[in-house]
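**Q** Predicted model follows, preceded by the sequence.
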Amino acid sequence: MVYEVQDVERKVLTILKILRNSKEPIGARVIARQLVDHGVGLTERAVRYHLKLMDVRGLTQLVGRDGRLITAQGIAELDSALVRDKVGLAFSKIELLAYRTNFNFETRSGPIPVNISFFKKNEFKKALDVMKPVFKAKLCVSDLVALAKEGERLGNVIVPEGQVGLATVCSIVINGTLLKAGVPMGSRFGGLLQMENGQPFRFVELIHYAGSSLDPSVVFIKAKMTSVAETAKYGNGRILANFREIPALCRQLTENVVGKLKSADLGGVLVIGDTSEPVCETAVELNRIGMVLLGGLNPVAAATEAGIEVENRAMSAVMEYRDLIKVWDL
């Protein structure tokens, strides 16, 4: 009985998340489709049933014939969701986005994962000037980006009023592409990587995905613990990076896939270690190989270092590869 109650609450919270991300009222049919992306399988009829109960609780409001909006009480409920339900959220988001990644090397098309950052309109030009040296130094996954004005969408995320949205390629593109190639990649943690003379030295801070409700990169950016701009200029400093592991037997296939991604301007692999050997002073499990991936939000971290206000939604969406442009063309 307790399990059933918890299961219902998780479904309610997921529906609230979908409504919160929608600028307009949406109905049961649209919600049912989007629930699939969150790993929840509900029929349109079942969604309608839950929505009626949520109306009674004051979490949602009926608009028109079938549309719903989240209420202030619904937002409060979502924000105060049980912490234990949030633990491991970062890990589950990685798995979900990896599954939704479907990049085709031959046609240079398909959905890839992105981080989305919001800047005030009057500060974006300054932010872009700060970020471009980081892109040029290749301290991120790719120099491919997408830009959207207020009210427009980046993936399924709507840009708030008075802001500009910037999508940067997320390192999960490596996870997703390797997954489709048959390589199981283990995501262990996000961290701060110390760079010396342009080379990776060691991780100085770590946050394990399985025990976190927040994306580690966002945490480090908000805490102002990075020195990305300095690293781009002098080769020394602390940048955002992620630690992954693959089976040792998959090394050759992994290197082939990474090479193909690089030819499509999708990089981000900083180090591929040796079997069972530590990477950047970080232990690796037996018969596995450690990999260090650059954080996709490193350019945005540099903007924050410059005192520019940024709101980040890491690992928040997928976008069609063909819809991205070079940052130099902005």
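**A** Great, that's in hand.

**Q** who touches the helix or strand containing residue 220?
**A** Assigned by DSSP states H and E, residue 220 falls within helix 216-222. For helix 216-222, contacts defined as Cβ atoms under 8 Å, 6 or more residues apart in numbering pick out 90, 115, 189-192, 205-207, 209, 212, 226, 240, 242, 295-297, 300-301, 304, 310, 312, 314. Backbone N, C-alpha and C define where each C-beta goes, glycine included.

**Q** Mind checking which of those residues land in helices?
**A** Among these, the ones falling in helices (DSSP state H) are 90, 300, 301, 304.

**Q** list the contacts for the last one?
**A** Think residue 304. Going by Cβ under 8 Å, 6+ apart, the list of residues near residue 304 reads 221, 222, 224, 226, 310.

**Q** residue ranges with poor pLDDT in the stretch 201-330 of the chain?
**A** Along the stretch 201-330 of the chain, the model assigns pLDDT under 70 to residues 213.

**Q** ok so, going back, need the residues that contact whichever helix or strand comes after the helix holding residue 220.
**A** Per DSSP H and E, the first helix or strand lying C-terminal to helix 216-222 is helix 228-234. With contact meaning Cβ under 8 Å, 6+ apart, helix 228-234 is reached by 130, 133-134, 136-137, 139, 195, 236-240, 298-299, 301-302, 305-306.

**Q** Report the backbone C-alpha coordinates of the helix or strand harbouring residue 270 in CSV.
**A** Per DSSP H and E, residue 270 falls inside strand 269-272. Taking C-alpha atoms only, strand 269-272 is exported to CSV below (Å, rounded to 0.1, in the frame of the first residue of the first chain):
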residue,chain,number,x,y,z
VAL,A,269,37.0,13.6,-24.6
LEU,A,270,40.0,14.9,-22.7
VAL,A,271,41.6,11.6,-21.5
ILE,A,272,41.2,7.9,-22.2
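
**Q** hmm, who's touching that strand?
**A** Counting by Cβ under 8 Å, 6+ apart, 174, 193, 200, 241, 251, 254-255, 258, 262, 279-280, 289-294 sit against strand 269-272.

**Q** burial count for the nearest residue to residue 275 once chain neighbours are set aside?
**A** Leaving aside its chain neighbours, residue 275 sits nearest to residue 248 (4.2 Å; criterion: Cβ to Cβ, 6 or more residues apart in numbering). Residue 248 has 15 neighbours, counted by other Cβ atoms under 10 Å.
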